[in-house]
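In: build me a model:
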Amino acid sequence: MTDREVTSPLLSVVVVAYNMRREIPRTLESLSPRYQRGISRADYEVLLVDNGSQQPLEEGELTTFDLNLLCLHNPEPGVSPVSAINLGLHAARGRWIAVWIDGARMASPGLLATACEALRVSPRAVVGARGRYLGPGVQSETMQWGYTREVEDRLLQQSGWQDDGYRLFGISVFDESSGPTWFDQPAESNSLFLSRELWRELGGYDVRFDSAGGGLVNLDTWSRALALPGVTPVVLLGEATFHQFHGGTMTNAIDQLERWRSLCADYEVIQGHPWIWPTSPLRWWGRFTHTPPPKELVCRFRGWHSLQQKLQRCIRRVARSMGLRK
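Out: Below you'll find the model as predicted:
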């Protein structure tokens, strides 16, 4: 069994896993004290919440990472990760709590320390990091070109990420919700940091999102957090999470447009209004330890904004077809 600190940590990180025996060890290694910079083992805990995996990882298999680790098993697992997330939120002991709805993500080395810095900006800080895909492009496309788990394994082995995690930026691209530049408005964060009090005020993740993968629950949670009164939204610079290829319900779906339409329809039924891309004024926090390519600093093409407009038009068409709005 891994040792868990007796005193309450500063930060709790809730990581949800489902059938990720290949990916979770790399996720936990990227969260380990050996890998993370500027934060000590005693400062944080990791809660790995299994959501009904066929072969769940146990604490005894994860001792090599020297983490302040607690493995939990969702007693009522479902196709949605929401109940597993809320289980982790309830068990977390930290002053601040981060949620990773997708456990198949690796962290950049300064993610935890930089997030803690940003959380100190305000007691009502909402802090998020951007997400990236490992590989040469958006994984729903690269998988059709032959990008597989085996290709990714070789890519990671050759990158030397274990010696310097910032090398992951050189073998990855922004995901659809986070790009195309460091200064665009993200639609969500796959590493969302809030104080314990703000999580309580937010009410955790909305249990009505009970479809496979949780539908748009992560986008909903980010939007609802930004809408809380008096919050200070902060997006980290120079830090990110990196999505490993694992057959995710949305990230690795081939028919993303059709699935997006369905998820938007579900969202409007649940919340009573269409999802819209957040527009809250943001603060930026962090530094670039790596050197981003110019295209990630300045948007030379307006294609991404055109995509946002197309998605919003798609949402409105779906809503009208269902008689939900004029």
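In: list the contacts for the residue nearest the centre of the chain?
Out: The residue lying closest to the centre of the chain (C-alpha atoms, centre = their mean) is residue 190, at 1.2 Å. For residue 190, the contact set (C-beta atoms under 8 Å, 6 or more residues apart in numbering) comprises 100-102, 105, 129, 131, 218, 241, 243. The way it works is simple: take the backbone N, C-alpha and C, and place the C-beta from them, glycine included.
In: how far away is it from residue 108?
Out: 13 Å (C-beta to C-beta, to the nearest Å).
In: again with residue 127
Out: Taken as C-beta to C-beta, the span from residue 127 to residue 108 is 14 Å.
In: over to residue 63?
Out: 24 Å.
In: now the helices for the stretch 101-250 of the chain?
Out: 111-119, 139-142, 149-159, 196-202, 217-226 (DSSP state H, counting those that start in this stretch).
In: deepest in the core, which of those is it.
Out: helix 111-119 (a mean of 24; mean count of other C-beta atoms under 10 Å).
In: in its sheet, what does the longest strand anywhere in the chain sit against?
Out: Counting residues, the longest strand found in the chain (DSSP state E) is strand 232-243. Strand 232-243 pairs in its sheet with strand 105-107 (antiparallel), strand 125-134 (parallel), strand 283-286 (parallel), by DSSP bridges.
In: mean neighbour count, distance to residue 232 and mean pLDDT for those - can I get that in CSV?
Out: Below are the strands paired with strand 232-243 laid out as CSV (neighbours: other C-beta atoms under 10 Å; distance: least, C-beta to C-beta, whole Å; pLDDT from 0 to 100):
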stretch, mean neighbour count, distance to residue 232, mean pLDDT
strand 105-107, 26, 23, 98
strand 125-134, 26, 5, 98
strand 283-286, 17, 6, 97
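In: flag the shaky bits of the stretch 1-150 of the chain, pLDDT-wise.
Out: 1-6 (pLDDT under 70).
In: all strands of it, in order?
Out: 11-17, 44-50, 69-73, 96-100, 105-107, 125-134 (DSSP state E, counting those that start in this stretch).
In: check which residues of stretch 78-97 are buried.
Out: 78, 80-89, 92-94, 96-97 (16 or more other C-beta atoms under 10 Å).
In: among these, which two are most distant?
Out: 78 and 96 (27.2 Å; C-beta to C-beta).
In: picking that back up, apart from its neighbours in sequence, what residue is nearest the residue nearest to the centre of the chain?
Out: residue 131 (4.6 Å; C-beta to C-beta, 6 or more residues apart in numbering).
In: isn't residue 52 up against residue 18?
Out: Yes: counting by C-beta atoms under 8 Å, residue 18 is a contact partner of residue 52 at 6.5 Å.
In: same drill for those two, tell me which one is more crowded.
Out: Remark: of residue 52 and residue 18, residue 18 carries more neighbours, 24 against 17, as counted by other C-beta atoms under 10 Å.
In: chain neighbours aside, what residue packs nearest to that one?
Out: Nearest to residue 18 is residue 51, by C-beta to C-beta, 6+ apart, at 4.6 Å.
In: quick check: the one you found touching residue 17?
Out: Yes: contact criterion C-beta under 8 Å: residue 51 and residue 17 qualify, at 6.8 Å.
In: start to end distance for stretch 143-163?
Out: The first and last residues of stretch 143-163 sit 27 Å apart, counting by C-alpha to C-alpha, to the nearest Å.
In: my bad, should have said stretch 142-161
Out: For stretch 142-161, the first-to-last residue distance is 21 Å (C-alpha to C-alpha).
In: re earlier: and the pLDDT at the residue nearest to the centre of the chain?
Out: Looking at residue 190, its pLDDT reads 96.
In: kindly report the same for the one 3 residues further on.
Out: As predicted, residue 193 sits at a pLDDT of 98.
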